[in-house]
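Participant: any chance you can model this:
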Amino acid sequence: MKALLLFLIVFYSAGVRAQVQPAIRADFPDPTVVRVGEKYYAYGTNSGTAGKWYNIPVAVSEDLKSWKIVGDALPVRPVWADRDFWAPHVLYNEQLKKFVLFYAAETTDSKEGKAIGVAFSEKPEGPFIDSGKPLLIGASFEAIDPMTLKDLQTGKYYMAWGSASQPIRIRELNPGMTEFADGSKAIELIQPGADKTYGRLIEGAWIDYDHGFYYMYYSGDNCCGINAHYAIMVARAKKITGPYTRLGAVAANKSSVILEQDSFLVAPGHNSVFSDRAGNKWIAYHAIPREDFKKGNYHRFMYLNRLVYKNGWPVVVKTGRTLVEKE
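Facilitator: Take a look at the predicted model:
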């Protein structure tokens with residue numbers, strides 16, 4: 001009996017440590033993780049690590065446990081942007097036979113707002129070469145946090161984006177992915193304010209297709225710093241352009257939140273969703289370790305958790321945390 005008890009203690013303790021240890025122990029906000037062949041690539045917002053600055057840091061792993069930052073996906077700044085490159089998203093376009101990077105940046109014109117750029121590469125790690133002009137410029141920080149995907153129903157590519165207390169929007173792209181499709185219009189998917197606790201500002205949209213639905217993940221409402229107050233929410237639709245139903249509209253607790261702060265992490269958010277080689281779903285996101293937050297350190301590490309579905313909605317697996325919190 002003592003041996004069994006010791007085994008269980010060690011087992012659950014290991015499970016807890018696995019849940020609270022970051023996948024990348026370095027400032028790596030707004031992570032996008034994609035699988036290319038046998039490897040996984042992670043892209044993050046501009047940051048410095050080991051004394052080196054990266055516009056778009058890219059890390060590689062073969063097992064989702066050991067990650068190595070291998071360089072800068074966007075080493076040459078585009079002519080239209082001068083600083084702050086963040087919220088990258090990378091996908092492979094079969095028609096173009098290239099990897100495509102979408103990202104947000106500050107424009108060189110102080111009268112303009114922030115913008116979304118597009119860059120191309122032959123390899124997932126880059127270097128990505130910018131198209132030469134922004135795809136979209138918006139007031140304030142409205143045109144940020146791009147996420148692009150191919151609609152399985154139509155074969156067309158769409159880009160979702162949004163922040164600045166404005167709706168999350170989506171619009172069809174042209175085949176070259178450097179402009180919106182002729183005749184297309186931006187469609188509003190989710191309005192700010194619907195989720196009272198975290199809905200003042202919504203951003204970081206990510207759309208994933210599973211179980212016959214398009215699931216749109218989004219975060220709100222303050223990602224960073226001493227007042228960080230961030231969580232991941234979800235809505236779903238039968239079509240990529242909606243209409244989307246928020247989890248909070250059907251849940252008993254009226255909440256769309258699937259991941260928020262706990263005893264270990266502060267302000268988890270701005271996620272991506274991907275499948276491993278075995279077909280298991282994972283969610284990648286950034287968060288501030290609570291112990292660091294207490295000390296005034298607000299760096300955002302990348303974390304990974306399994307994602308499963310219950311009653312048609314995604315659930316973030318956090319095995320072991322509840323046990324420790326009750327002890």
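
Participant: mind listing the strands for the stretch 51-200 of the chain?
Facilitator: Along the stretch 51-200 of the chain, counting by DSSP state E, counting those that start in this stretch, strands occupy 52-54, 57-61, 68-72, 81-93, 98-107, 115-121, 129-130, 136-137, 147-150, 157-161, 168-172, 187-190.

Participant: now mean neighbour count, distance to residue 40 and mean pLDDT too, for the ones you listed, in JSON lines please.
Facilitator: To be clear about C-beta, it is placed using only N, CA and C from the backbone, and glycine gets the same treatment. Compiled in JSON lines, the strands of the stretch 51-200 of the chain are given as follows (neighbours: other CB atoms under 10 Å; distance: least, CB to CB, whole Å; pLDDT from 0 to 100):
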{"stretch": "strand 52-54", "mean neighbour count": "14", "distance to residue 40": "18", "mean pLDDT": "94"}
{"stretch": "strand 57-61", "mean neighbour count": "23", "distance to residue 40": "5", "mean pLDDT": "97"}
{"stretch": "strand 68-72", "mean neighbour count": "16", "distance to residue 40": "11", "mean pLDDT": "96"}
{"stretch": "strand 81-93", "mean neighbour count": "20", "distance to residue 40": "12", "mean pLDDT": "94"}
{"stretch": "strand 98-107", "mean neighbour count": "24", "distance to residue 40": "14", "mean pLDDT": "97"}
{"stretch": "strand 115-121", "mean neighbour count": "22", "distance to residue 40": "17", "mean pLDDT": "98"}
{"stretch": "strand 129-130", "mean neighbour count": "18", "distance to residue 40": "23", "mean pLDDT": "98"}
{"stretch": "strand 136-137", "mean neighbour count": "20", "distance to residue 40": "28", "mean pLDDT": "96"}
{"stretch": "strand 147-150", "mean neighbour count": "21", "distance to residue 40": "18", "mean pLDDT": "98"}
{"stretch": "strand 157-161", "mean neighbour count": "23", "distance to residue 40": "22", "mean pLDDT": "98"}
{"stretch": "strand 168-172", "mean neighbour count": "22", "distance to residue 40": "26", "mean pLDDT": "98"}
{"stretch": "strand 187-190", "mean neighbour count": "20", "distance to residue 40": "28", "mean pLDDT": "98"}
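
Participant: could I get these as a markdown table with distance to residue 39?
Facilitator: Conversion of these to a markdown table gives the following (distance: least, CB to CB, whole Å):
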| stretch | distance to residue 39 |
| --- | --- |
| strand 52-54 | 19 |
| strand 57-61 | 6 |
| strand 68-72 | 10 |
| strand 81-93 | 13 |
| strand 98-107 | 13 |
| strand 115-121 | 15 |
| strand 129-130 | 22 |
| strand 136-137 | 30 |
| strand 147-150 | 20 |
| strand 157-161 | 24 |
| strand 168-172 | 29 |
| strand 187-190 | 32 |
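
Participant: so for residue 223, which of the ones you listed sits nearest?
Facilitator: For residue 223, the closest of the strands of the stretch 51-200 of the chain is strand 81-93, at 10.2 Å, according to CB to CB.

Participant: parallel or antiparallel, list what pairs with that closest one.
Facilitator: Partner strands for strand 81-93, per DSSP bridges, with pairing direction: strand 98-107 (antiparallel).

Participant: would you pull up how far the strand it pairs with lies from the middle of the chain?
Facilitator: Here strand 98-107 is found 14 Å from its chain centre; the criterion is CA atoms, centre = their mean, to the nearest Å.

Participant: report the angle between it and strand 115-121.
Facilitator: Regarding strand 98-107 and strand 115-121, their directions subtend 150 degrees when assessed with axes from the mean of the first three to the mean of the last three CA atoms, to 10 degrees.

Participant: shaky segments in the stretch 201-327 of the chain?
Facilitator: Low-confidence segments of the stretch 201-327 of the chain, defined by pLDDT under 70: 319-327.

Participant: now for residue 257, how many residues are close by?
Facilitator: Around residue 257 there are 19 other residues, counting by other CB atoms under 10 Å.

Participant: same thing with residue 217?
Facilitator: In terms of burial, residue 217 registers 26 neighbours under the definition other CB under 10 Å.

Participant: ok, and the closest non-adjacent residue to it?
Facilitator: Nearest residue to residue 217 in three dimensions, chain neighbours excluded: residue 206, at 4.5 Å (CB to CB, 6 or more residues apart in numbering).
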